Each structure stands twice: as C-alpha cells, then as structure tokens.
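What follows is a predicted protein model with its sequence.
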Amino acid sequence: MHLLTDEVKGFLSNSSMIRRMFEAGIELKKQYGAENVYDFSLGNPDLPPPPEIKAAMQELTDVSDQPFAFGYMPNAGEVSARAALAKLVSKEQNMPVPPENIIVTCGAAGGINAFFRAVLNRGDEVICPAPYFVEYGFYAGNFGGILKPVPARKDFSLDIDALSAAINANTRAVILNSPNNPTGKIYTRSELAAVAELLRDARRKFGRMIYIVADEPYRFLNFDRVEIPSLLDLYDGSVAIGSFSKSLSLPGERIGYIAVSPKLDNSGELLGALTLTNRILGFVNAPVVAQKLIAKCWDCQVDLDIYRRRRDAMAKVLTDAGIKFIMPQGAFYFFPESPTADEKIFVQALLKERVLAVPGSGFGAPGYFRLAFCVSEKNICDSAESFKLAAAAVR
C-alpha cells in the first residue's frame, strides 16, 4: 500500500542534513550535557529579542480582550504592518517603496513559495549561485520548477559568464541571497548590475519576464559595513524577500515580506497574484501577533556587535586548527574548506569530538562544511580543542 508519493519518499530518504545534525546534537547534549556539545548545525539565533519586543507584547495583552483583536486580516497584511514595512524597505533599498508594493508573509520561506506559486509554470528553471540554501530546490519543485545551481567562483563571488551560459528559454527567475547562506558573501554592485544586464538581454531574446529574487533575511548582518546594493533599483523585474527571524530573533514567529520593485510595469498584476497565492497556499495571512509586533518594532534589531565578536572568535578557532576559510562578510555562517576531500568524513570526525557541523554537499558545494555561529562566544571558544583534535584525526 502506497502511503506517499514517490517524490516525497525520495525527499525523506535524503532528508535535510541540517536537521539530522541538529537532532544528533539533542542526543549528544543528553549524553554529555549541553555545555560540552558544540552545536553549529542550525541557524537558530540564541539572542533574546530586543527589549522593544517585550514592551510591544505587553501592550498587546492590554487589547487581547477586544473583539477581533487577533482575528483574520487582509491576505496581503495588516495596514499598519505594511506601512511599517514600507518604511523599512524604503530605507534598506534606498528608494521609495509604497505600502501597496508590500505583501506580509509567513517568513521569507513563505514569501518565496508564494512568489514561485505565482510565476512558475511546470518546467520553468530557477537559477541560483552555488553554494546555496538547501531548501531552494524544494521551493521551486513545489510548483513544477527546476532549480539550476551555477557554481560561484573560488572566493564565492558570482561567475557572470557561467550564469550567462545557464540562462535559456526556460529561465524564469534567478535567486540571489546576499549576505549569503552558507558563505556569508555579500555581492557587489558591479556583480549585481552585470546579472541585471544579462537578464534584460535574455528578456529581449526570449520574450518573457525573468525575475530576480533578492533573498535578504540576513541584510542587517553586515559586519564590515559594505554596500548591499538594491536590486529593486537595479532591475525592474525584482522582488526583495526578507524576514525578522534574525534581525529580531523571532524565527518561530514566521513573519516576513515580499517587496515588489516600484519600477515594474503593471506591478499590480503581480501583487494581486501574490495576495492570492499567500492565501491559497494555506497561509491565509501572516501571524497576526507578529504583524502587530512588526508595526511597532520595525526599526529595532538585536546587537550586531555580539555577532561580530562571535565571528572573530570562530575565525580564531578555525585558524588555530589549521582550517582554511574565507572570512564571512555577513550572515552568521562560516563555510570553510574541509581538511579531507570528502567533507562528510571530517564532519563525522567533528561529531566524535562533540562538534556539530553540516556537510557542504547539501549546499551544492562538496569539500566544504558549514558552521552557524549564532551560539554563545563561550561555546565557540570552548570548541577550540575539539576542532584541533578532529582536524588532526583526518590529516
């Protein structure tokens, strides 16, 4: 008796390595104690939300007994939340983005799925630089799309020639995740302008819209204060998708947004479709409590300097262990080279020393591994000897 589709059965047999390592960490913590396990597997921020969130939640309790205090609201989002998000997006993108160009979503993941539901036909291709976030393939595949990874350069910058070669008549979108998960790379203005020019040429050649999806949940994690250019400004067929999982330490609240470039002709058609897909995918509307929090706390964020110190501590641990890496410019991940050609062997060596990391093959980049440094600075520093022992064991 077949209980599942063949596709989902295949997904289960190759389930996310991130989650598997996270679950292995739970067992190790039971065995050795949480303080003796160094879990860098999951990008689950440990910082508490900013104090403004607590104050806003207390205000919400004062109105919780009113009719419809937490009732249904427009599928595109509550008016005050969209207005607040318009202020935030306009500031980040360095251009005016009106509230009507904002759709409030169930996190960035919900936003990407709502967008793909609106624009992908079966067989359409979605290009992304590799390494890439592991779920992109699922998100495109949910609606008949095909993810087409294109390897980045050795320094994780965009390979414009390779991207150009990948574009064809089936290309529907390009996902650009900057700052990048898993590498921490921030793409430059010249790189992004080159991609925009490629897509303008391709649109003329193939006679169809090709979108850019700017996946930006890590935008605020910009350690060196370099420019993060606005794709909404550089390319009319672009959408910016973000969330507050990291900036406000609210990953479980599932609150995010889609911002459609004001430069897009007939943008109302796309916005109407996104409002519809946000509903028919079962989201109905983004969580009400989270929307009310964002309306009050849109301009707050956790302390960036805490993550900056953690980045420096992680860099020292890796350097002392003789592990090669490129310093991440943003996000809260390192993506070092494995001391062994098969990074899964090294990840297992780390596991024996109670360190949880994720193999790079899951991100489309074998030979590397990912570390999430959204854990305490003490935990990072305490892991130093374990990294040394694991590296020595495989050399």
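Okay, I see it. Residues are numbered from 1 along each chain as shown.

where's the spatially most central residue of the chain, which helix or strand?
Among the residues of the chain, Pro217 comes closest to the average C-alpha position under Cα atoms, centre = their mean, at 5.3 Å. Using DSSP states H and E, Pro217 sits in no helix or strand.

mind listing what it touches?
Each residue near Pro217 by Cβ atoms under 8 Å, 6 or more residues apart in numbering is listed here: 108, 241-243, 245-246, 256. Every residue, glycine included, has its C-beta placed from N, CA and C.

Show me which of those is closest to Ala331.
Nearest to Ala331 among these: Lys246, at 8.2 Å, using Cβ to Cβ.

Counting by contacts, list what the helix or strand where Phe22 lies packs against.
Per DSSP H and E: Phe22 is located in helix 17-32. Helices and strands touching helix 17-32, by 3 or more Cβ pairs under 8 Å, 6 or more residues apart in numbering; DSSP states H and E, are strand 38-39, strand 355-356, strand 358-359.

please redo it, this time with the cut-off set to 10 Å
Helices and strands touching helix 17-32, by 3 or more Cβ pairs under 10 Å, 6 or more residues apart in numbering; DSSP states H and E, are strand 38-39, helix 343-352, strand 355-356, strand 358-359, strand 369-372.

Which one, of those, ends up nearest to Gly141?
strand 358-359 (20.8 Å).

Return the set of buried residues in stretch 241-254.
241-251, 253-254 (16 or more other Cβ atoms under 10 Å).

Need the max-distance pair from these.
Ile241 and Ser249 (19.0 Å).

hang on, the earlier thing: export the helix holding Phe22 to CSV, keeping only CA atoms.
Provided in CSV are the C-alpha atoms of helix 17-32 (Å, rounded to 0.1, in the frame of the first residue of the first chain):
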residue,chain,number,x,y,z
MET,A,17,21.4,17.1,6.8
ILE,A,18,21.0,20.3,8.8
ARG,A,19,18.0,18.9,10.7
ARG,A,20,19.7,15.5,11.1
MET,A,21,22.7,17.1,12.7
PHE,A,22,20.5,19.2,14.8
GLU,A,23,18.7,16.1,16.1
ALA,A,24,22.0,14.3,16.7
GLY,A,25,23.0,17.3,18.8
ILE,A,26,20.0,16.8,21.0
GLU,A,27,21.1,13.2,21.8
LEU,A,28,24.7,14.3,22.4
LYS,A,29,23.5,17.0,24.8
LYS,A,30,21.6,14.4,26.8
GLN,A,31,24.7,12.3,27.0
TYR,A,32,27.4,14.8,27.7
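
about what we covered before: could you dump the helices and strands packed on helix 17-32 to CSV with distance to Thr171?
Below are the helices and strands packed on helix 17-32 laid out as CSV (distance: least, Cβ to Cβ, whole Å):
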stretch, distance to Thr171
strand 38-39, 38
helix 343-352, 30
strand 355-356, 37
strand 358-359, 29
strand 369-372, 28
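
what's around the closest residue to Val288 other than its chain neighbours, how many residues?
Nearest in space to Val288, with sequence neighbours left out and distances taken as Cβ to Cβ, 6 or more residues apart in numbering, is Phe70 at 4.7 Å. Using other Cβ atoms under 10 Å, the number of residues around Phe70 comes to 14.

so how far is Glu52 from Phe70?
20 Å (Cβ to Cβ, to the nearest Å).

Tell me which residues touch Leu270, please.
101, 103, 115, 118-119, 209, 211, 237, 239, 258, 260-261, 264 (Cβ atoms under 10 Å, 6 or more residues apart in numbering).

and of the buried residues of stretch 241-254, the nearest to Asn44?
Pro251 (6.2 Å).

what residues are up against the residue nearest to Val288?
60, 63-64, 287-289, 291-292.

which one of these has the most neighbours?
Gln291 (23 neighbours).

out of the contacts of Phe70, which are inside helices?
Among those, DSSP state H puts 60, 288-289, 291-292 in helices.

And the furthest pair within those?
Longest span within these, Cβ to Cβ: Leu60 and Gln291, 10.9 Å.

Do a quick rundown of the helices in the stretch 1-150 of the chain.
Secondary structure of the stretch 1-150 of the chain by DSSP state H, counting those that start in this stretch: the helices cover 6-13, 17-32, 51-62, 79-93, 107-119, 136-141.

So for the third one, what gets flagged as buried?
Within helix 51-62, the residues that count as buried by 16+ other Cβ under 10 Å are 52-53, 56.

quick one, strands of the stretch 151-300 of the chain?
171-177, 211-215, 238-243, 256-260 (DSSP state E, counting those that start in this stretch).

how about these in CSV, adding distance to Pro328 and mean pLDDT?
Converted to CSV, the strands of the stretch 151-300 of the chain look like this (distance: least, Cβ to Cβ, whole Å; pLDDT from 0 to 100):
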stretch, distance to Pro328, mean pLDDT
strand 171-177, 13, 98
strand 211-215, 16, 98
strand 238-243, 19, 98
strand 256-260, 22, 98
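
Of all those, which one is nearest Lys29?
It is, among the strands of the stretch 151-300 of the chain and with distance given as Cβ to Cβ, strand 238-243, at 27.2 Å.

okay, that closest one in CSV with CA atoms only?
Extracted in CSV, the C-alpha atoms of strand 238-243 (Å, rounded to 0.1, in the frame of the first residue of the first chain):
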residue,chain,number,x,y,z
SER,A,238,13.0,42.1,-9.0
VAL,A,239,11.4,41.3,-5.7
ALA,A,240,13.1,41.6,-2.3
ILE,A,241,12.1,39.0,0.3
GLY,A,242,13.1,39.3,3.9
SER,A,243,12.1,38.3,7.4
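
Now do it and strand 171-177, the angle between them.
40 degrees (axes from the mean of the first three to the mean of the last three Cα atoms, to 10 degrees).

So what are the sheet partners of strand 238-243 and their directions?
Using DSSP bridges, the strands paired with strand 238-243 are strand 211-215 (parallel), strand 256-260 (antiparallel).

how big is the angle separating the first one from helix 79-93?
It stands for strand 211-215. Using the same axes, to 10 degrees: strand 211-215 against helix 79-93 is 100 degrees.
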